[in-house]
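>>> Quick one, fold the following:
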Amino acid sequence: MKAAKLQLALDLPDMDQALRIAGELEEFWDILEVGTVLLLKEGLNSISQFRQAFPNAKILADTKIIDSGNLLTEIACQAGADICTVVSAASYKTIEACVATAKKHSCKVLMDHVSNNWRTDDLAKKCSLGADLVGLHLPKDNQAEKLLDVDAVADLSRKINGAISIAGGIDPDKITQLKNLPIDVFVVGGYLLTAKDRKERARIIKERILKKEN
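Model (predicted):
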């Protein structure tokens, strides 16, 4: 089994701060996420700025597309994104449109299931629409009162035929709890962004992810 990747989620309203943190932690992350907060604050130009600063990076734009799949995917890909996101609540046609348009640009699509309900047959059906990754994502607004449901992740992982990304309060302990499941990408945001010693926390996270193979 390949080692899982670390995705640094930059959900910050400050472009300069986001660029600084991305540079500080460049040796640790595999995927650089231009978060929805940053996209809304700075516009799609933020993707271009990250592309300029990190020309070889794998950049995910957390576009959270829910309609106009062709147009929005086209815009994100042209801005320099390697991966864009469509929410699982989008219609079948919208998800298919995102996938078809992304392929034209050699871009990938993550279908992001931002929900506290991961026991849904509809999600499993939508996984057949061609998205390259499926995101199991505990919403930020729920993280203070609810933890990741390891059993639910395990159940869905058996139904999903494809790569799985997981997000929502990810820290070293949660990575350990999930280490025996087929997780391809661990998305880490707040645990690193709010740390006084970000590099040390990033080192611990990376070590814990790599330990997943042992």
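
>>> Contacts only, for residue 81.
Applying Cβ atoms under 8 Å, 6 or more residues apart in numbering to residue 81 gives the contacts 34, 47, 59, 60, 61, 63, 107. For every residue, glycine as well, the C-beta is placed using N, CA and C.

>>> same question, residue 47
Here residue 47 is in contact with 34, 39, 59, 61, 76, 79, 80, 81 (criterion: Cβ under 8 Å, 6+ apart).

>>> What does the residue positioned nearest the centre of the chain show for phi and psi?
With distances taken as Cα atoms, centre = their mean, the chain has residue 187 as the residue nearest its mean C-alpha position (5.5 Å). Dihedral pair for residue 187: phi -100, psi 120, per degrees, to the nearest 10.

>>> who's in contact with it?
Contacts of residue 187 by Cβ under 8 Å, 6+ apart are 7, 9, 33, 135, 137, 165, 166, 167, 168, 170.

>>> related to what we said a few turns ago, list just the nearest of the contacts of residue 47 to residue 18.
Nearest to residue 18 among the contacts of residue 47 is residue 34, at 7.8 Å by Cβ to Cβ.

>>> Roughly how far does the closest one sit from residue 167?
As judged by Cβ to Cβ, to the nearest Å, residue 34 and residue 167 stand 14 Å apart.

>>> Which of these two has more residues huddled nearby?
Neighbours were tallied for residue 34 and for residue 167 using other Cβ atoms under 10 Å; the higher tally belongs to residue 34 (32 against 24).

>>> ok, which stretches of this structure are helices?
All helices of the chain, identified by DSSP state H, fall at 15-24, 36-42, 45-53, 69-78, 92-104, 121-126, 150-159, 172-177, 190-193, 198-211.

>>> could you give the angle of the fourth one to helix 92-104?
Yep, that's helix 69-78 we're talking about. 30 degrees (axes from the mean of the first three to the mean of the last three Cα atoms, to 10 degrees).

>>> All good on my end, thank you.
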